[in-house]
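> how would this look folded up:
(2 chains)
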Amino acid sequence: MSPISVTVALLLASLAVTQQDTSFADKYSREAGVYAELAKAPEKTRSKRNPFENDSQAIAAGQNLFARHCSECHGNTAEGSKRAPSLRAEEVQNAAPGAIFWILTNGVVRRGMPVWSKLPASQRWQLVSFIKSLGTPSTSLLD
Amino acid sequence: MKSVYPKCASGIVVFIALIFASPLQGQESPYVVTYDHYLEEPGNLDIEYFSTFGTQRAGNDFHAFWVEFEYGVKAWWTTEVYVEGQTTFGESTLFTGYRWENRVRPLKREHLINPILYFEYERRSGADKILKEVEGRDVEADFLTPNALARKEHNHEVELKLILSSTVRAWNFSENFVAAKNLANAPWEFGYALGASHPLGMKASAARCNLCRENFSAGLEMFGGLGDRHSFGLKDTSQYLAPAVAWNLPSGWTLRFSPAFGLNDNSHRLLLRWGVSREISSFGEMLGRFFGGR
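Okay, here's the model as predicted:
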């Protein structure tokens, strides 16, 4: 078997695994599972204040970071996609900034959300600023 | 002809993927040899080209190269295929083999030390010179065998790594312990790689920019052999120290550069390594649609 055939066969096998779990039922149960992770943030982390609170520059920087790292799964406007839940949902918008920071740091690895601790803490907080600035769909309509 | 075909085919795959896929900026580390605990994002394909120019005492200098296809199967599982080759100046250019590796993250959350389990199968000829890792008593003199002879030796090898990695205050510290076994009844050989790196900027800029400090990270790698099952240790091994820098461009490309310096007489004096990579978002879905899936 030539090396390139092996390469293609292995990649296709991996792709087959990735393509599983895309039905709506799976999607909603996965979303619920991811939102439930927010409640697992330890109190110490949850109560942390965002050092960039009310900083419009941080929101703009967070938007850039979101476009680079998050929009591929969460959608360009964070409305969610087949791969990852909406970040405009009440569960996220009502969550403490520290809980969102905790999720960014630890990921939800078993449910597809990678660990983002490779971004420095400042950048994770800038992302939190952007996410919290989105508001829920109802508040966005009022805007 | 046999050695040209896989390179051409890989080139075509890379070309098609780069044209049709949407780019994504990863936050890649500057390491060339050392692994940290960050896996590929699920569904994304990272295509990397690496090149190593090496000096050779008492022989011809060489240029070794490899292409990696790194795919995030799950957030906890990354699989990767390498296709590799080399040119020895004054001799020839050869395809030297392929590798298939898997990295698995056993723990759900971040810890002070994060383990990753690594398994690799390699099928490569004796002319392999990419120096992706150093094991046992791999030394500079091994590379003196002419390509015409070395290519006739075929090795099947398994390689296990325990990757331990920590990120503290934006510093990443990674330690890799390597155990490799040639399946042709050779003893287990051991090696290591250590790395430390840090991004040059902590905060992201509000404007998109190429030369912002946060797009760069710099670090240091040290790697070498640790002998084999019969005589473990540093004696008669080669050892390297390598500063490294990575530049993550907002366009989705990452460039890496790293000179590695041999620390003893068994090591090549200089290995000049550079690489370019591009991460392709939602590659799995793209391919699924291409084949008529949902």
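
> tell me where the stretch 51-200 of chain B has strands.
Assigned by DSSP state E, counting those that start in this stretch, the strands in the stretch 51-200 of chain B fall at B:62-74, B:77-88, B:93-104, B:114-125, B:154-168, B:171-182, B:189-199.

> wait, which of those is closest to residue B:257?
strand B:189-199 (13.4 Å; C-beta to C-beta). For the C-beta atoms, the positions are set from N, CA and C on the backbone; glycine is no exception.

> chain center to that closest one: distance?
What separates the centre of strand B:189-199 from the centre of its chain is 12 Å, taken as C-alpha atoms, centre = their mean, to the nearest Å.

> run the contact check for it versus chain A.
Yes - counting by C-beta under 8 Å from any C-beta of the partner chain, contacts between strand B:189-199 and chain A involve residue B:199.

> what are the boundaries of the helices in the stretch 151-294 of chain B?
B:283-290 (DSSP state H, counting those that start in this stretch).

> cool, and chain A?
Counting by DSSP state H, chain A has helices at residues A:3-18, A:24-38, A:43-46, A:56-69, A:71-74, A:90-93, A:97-106, A:121-134, A:137-142.

> per-residue pLDDT, the residue nearest to residue B:58 when sequence neighbours are not counted?
Distances taken as C-beta to C-beta, 6 or more residues apart in numbering or on different chains put residue B:144 closest to residue B:58, at 6.4 Å, once the chain neighbours are dropped. Note for residue B:144: predicted pLDDT of 97.

> how big is the angle separating the helix or strand containing residue B:47 from strand B:77-88?
Using DSSP states H and E, residue B:47 sits within strand B:45-54. For strand B:45-54 against strand B:77-88, the angle by axes from the mean of the first three to the mean of the last three C-alpha atoms, to 10 degrees is 30 degrees.

> just the CA trace of stretch A:49-62, in CSV.
Provided in CSV are the C-alpha atoms of stretch A:49-62 (Å, rounded to 0.1, in the frame of the first residue of the first chain):
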residue,chain,number,x,y,z
ARG,A,49,-13.9,40.5,38.0
ASN,A,50,-13.1,41.1,34.4
PRO,A,51,-10.1,43.5,34.4
PHE,A,52,-11.4,45.0,31.2
GLU,A,53,-15.0,45.7,32.4
ASN,A,54,-16.6,48.7,30.5
ASP,A,55,-13.5,48.9,28.2
SER,A,56,-14.7,49.4,24.7
GLN,A,57,-11.2,48.7,23.3
ALA,A,58,-11.3,45.3,25.0
ILE,A,59,-14.6,44.6,23.3
ALA,A,60,-13.1,45.5,19.9
ALA,A,61,-10.0,43.3,20.6
GLY,A,62,-12.3,40.5,21.8
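
> quick one, what contacts residue A:87?
Going by C-beta atoms under 8 Å, 6 or more residues apart in numbering or on different chains, residue A:87 touches A:74, A:78, A:80, A:131, A:134.

> near the last one, how many residues? Count them for me, please.
Using other C-beta atoms under 10 Å in any protein chain shown, residue A:134 is surrounded by 21 other residues.

> distance of it relative to residue A:114?
21 Å (C-beta to C-beta, to the nearest Å).

> do the same with the first one
Separation of residue A:74 from residue A:114 (C-beta to C-beta) stands at 12 Å.

> top of the contacts of residue A:87 by neighbour count?
residue A:131 (25 neighbours).

> was I right about that one contacting residue A:62?
Yes - taking contacts as C-beta atoms under 8 Å, residue A:131 lies within contact range of residue A:62: 7.2 Å.

> end to end, how far does stretch B:128-147 reach?
Stretch B:128-147 has its terminal residues 9 Å apart, counting by C-alpha to C-alpha, to the nearest Å.

> list the buried residues in it.
Within stretch B:128-147, the residues that qualify as buried by neighbour count (16 or more other C-beta atoms under 10 Å in any protein chain shown) are B:128-140, B:143, B:145, B:147.

> next one: stretch A:80-98
Per 16+ other C-beta under 10 Å, stretch A:80-98 contains these buried residues: A:80-89, A:91-93, A:95-98.

> and for stretch A:101-115?
So stretch A:101-115, judged by 16+ other C-beta under 10 Å, has buried residues A:101-109, A:111-115.

> between the two ends of it, what distance do you get?
Taking C-alpha to C-alpha, the first and last residues of stretch A:101-115 lie 11 Å apart.

> and that stretch with chain B, contact?
Yes - interface with chain B: stretch A:101-115 contributes A:105, A:106, A:107, A:108, A:109, A:110, A:111, A:112, A:113, A:114, A:115 (C-beta under 8 Å from any C-beta).

> now do that stretch: everything it contacts.
Contacts for stretch A:101-115 (C-beta under 8 Å, 6+ apart): A:30, A:33-34, A:37-38, A:41-42, A:45-46, A:48, A:50, A:73, A:83-84, A:116-117, A:119, A:124-125, A:127-128, B:37-39, B:41-42, B:72, B:74-76, B:105, B:108-110.

> repeat the analysis, applying 7 Å as the threshold.
Residues outside stretch A:101-115 that contact it (C-beta atoms under 7 Å, 6 or more residues apart in numbering or on different chains) are A:30, A:33-34, A:37-38, A:41, A:45-46, A:48, A:83-84, A:116-117, A:124-125, A:127-128, B:38-39, B:41-42, B:75-76, B:105, B:108-110.

> check the nearest residue to residue B:130 once chain neighbours are set aside and give its pLDDT.
Leaving out its chain neighbours, the residue that sits closest to residue B:130 by C-beta to C-beta, 6+ apart is residue B:64, at 4.4 Å. With respect to pLDDT, residue B:64 scores 98.
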